[in-house]
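**Q** Okay, sequence plus prediction incoming.
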Amino acid sequence: MYAAVVTAFDAPPSYREFPAPTPTGSDEVLVDVLASGLHPRVRSQASGSHYTSTDELPLIPGVDGVGRTRDGKLRYFVLFDTAVGAMAEQAVIDLRRSIVLPPDSDPVAVAAGMNPAMSSWIALRQRISFAPGQSVLILGATGSSGKLAIQVAKHLGAGRVVAAGRNPGKLATLTGFGADETVSLSGSPEEAADRLGQAAADVDVVIDYLWGAMTAAAMRAIVTQRSDRGKPLSWIEIGSMSGPEAEIPSAALRAARLQIVGSGQGSVPTRDILAELPALAAEIARGTFTVDARPVPLRDVETAWKDADNDQRIVITPN
């Protein structure tokens, strides 16, 4: 079969032949891959920088996708941590980590939307007790996951969503995705944090795709400017686009009713993630969320890999 093959962590994958995988367990089947999303998680997998990465090479990237089984059914699947991922003509999937999709589902839309939407969907449904009417601040709202987080939060009943991002052009579009207010993160972290404190000090939940110095500054501003520091604030750390470490002052944890939780692989049991997939897939399939996807043939994976600035979620397809 042909696949996107990573032979060095500092280079994009190349299109080449690779031995087809073989099912080994009773719950494993071989599927023809129809679509697999090029998510940030996939890029970090291929660069060896993800916290689950090993030094194993060569590898085929791709952590999820849509495939067709021999009985003709469409399945969305999530892969175990494996060196033989979804960006190939075929993949071995575990049926217990997959769901059957409606036959008229768009494989590209599902492959593009499930992973980025899952980050906020799982965070709000599994990591905290989110209640309809609560307000949400999204840090890093201009990316694919952030834009979907706006829509997911609204769909799950958020009363107010504040979207924060650095790119002014992209930020201006976020009200079209459901944001009630936007905040610019331009300038220094302290300058941006002051604007966040004025606009979002009293939110109930923060969905954080940034971390780093921006989060540290934002947390100080929001905690100190809350009108009622006894009001619970749930800070959900999902991504680290601004840095892997944040210097959180101890006073922030003592001066307000603040809880900081992470949401990602490991912090949510696999069984709980799988339990959420059918409902999320159904919403994506029926068009509840706007998913901006661009299909790219597998043979062009190296070119697609270098297109990191494109706003669309790239989806690798067999042809």
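**A** On my side now, so go ahead. Numbering: from 1, shown residues only.

**Q** Next up, phi/psi of Glu237, please.
**A** Backbone torsions for Glu237, taken as degrees, to the nearest 10, come to phi -90, psi 120.

**Q** quick one: low-confidence parts of the chain?
**A** Residue ranges of the chain with pLDDT under 70: 50-53, 308-310.

**Q** if we go to 80?
**A** Scanning the chain for pLDDT under 80 picks out the ranges 48-55, 81, 265, 308-311.

**Q** what helix or strand does the most centrally placed residue in it sit in?
**A** For the chain, the residue nearest the mean C-alpha position is Pro116 (3.0 Å; C-alpha atoms, centre = their mean). Under the criterion of DSSP states H and E, Pro116 resides in helix 107-122.

**Q** and what of Leu277?
**A** Going by DSSP H and E, Leu277 is part of helix 270-285.

**Q** Just give me how far that helix sits from the chain centre.
**A** With C-alpha atoms, centre = their mean, to the nearest Å as the basis, helix 270-285 stands 14 Å off its chain's centre.

**Q** Let me see the residues that make contact with it.
**A** 76, 78, 96-97, 99, 101-102, 105-106, 109-110, 113-114, 117-118, 121-122, 125-126, 155, 289, 291 (C-beta atoms under 8 Å, 6 or more residues apart in numbering). (C-beta placed from N, C-alpha, C; glycine too.)

**Q** If we go by neighbour counts, what in the next helix or strand after it is buried?
**A** The helix or strand immediately downstream of helix 270-285 is strand 293-297, counting by DSSP H and E. Residues Ala293, Pro295, Val296 are the ones in strand 293-297 that count as buried (16 or more other C-beta atoms under 10 Å).

**Q** How far off centre is the longest strand along the chain?
**A** For the chain, the longest strand by residue count, based on DSSP state E, is strand 28-37. Relative to the centre of its chain, strand 28-37 is centred 20 Å away, using C-alpha atoms, centre = their mean.

**Q** Stretch 169-179 now?
**A** Distance, centroid of stretch 169-179 to centroid of chain: 18 Å (C-alpha atoms, centre = their mean).

**Q** Stretch 40-53 now?
**A** 13 Å.

**Q** Could the C-alpha coordinates of that stretch be exported in PDB?
**A** Extracted C-alpha coordinates of stretch 40-53, given in PDB (Å, rounded to 0.1, in the frame of the first residue of the first chain):
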ATOM      1  CA  PRO A  40      -1.800  19.700  15.400                       C
ATOM      2  CA  ARG A  41      -1.700  16.500  17.400                       C
ATOM      3  CA  VAL A  42      -0.700  14.600  14.200                       C
ATOM      4  CA  ARG A  43       2.100  17.100  13.500                       C
ATOM      5  CA  SER A  44       3.500  16.700  17.000                       C
ATOM      6  CA  GLN A  45       3.300  13.000  16.600                       C
ATOM      7  CA  ALA A  46       5.300  13.100  13.400                       C
ATOM      8  CA  SER A  47       7.900  15.500  14.900                       C
ATOM      9  CA  GLY A  48       8.400  13.300  17.900                       C
ATOM     10  CA  SER A  49       7.400  16.200  20.200                       C
ATOM     11  CA  HIS A  50       4.100  14.900  21.600                       C
ATOM     12  CA  TYR A  51       4.200  13.600  25.200                       C
ATOM     13  CA  THR A  52       3.100  10.200  24.000                       C
ATOM     14  CA  SER A  53       5.800  10.000  21.300                       C
END
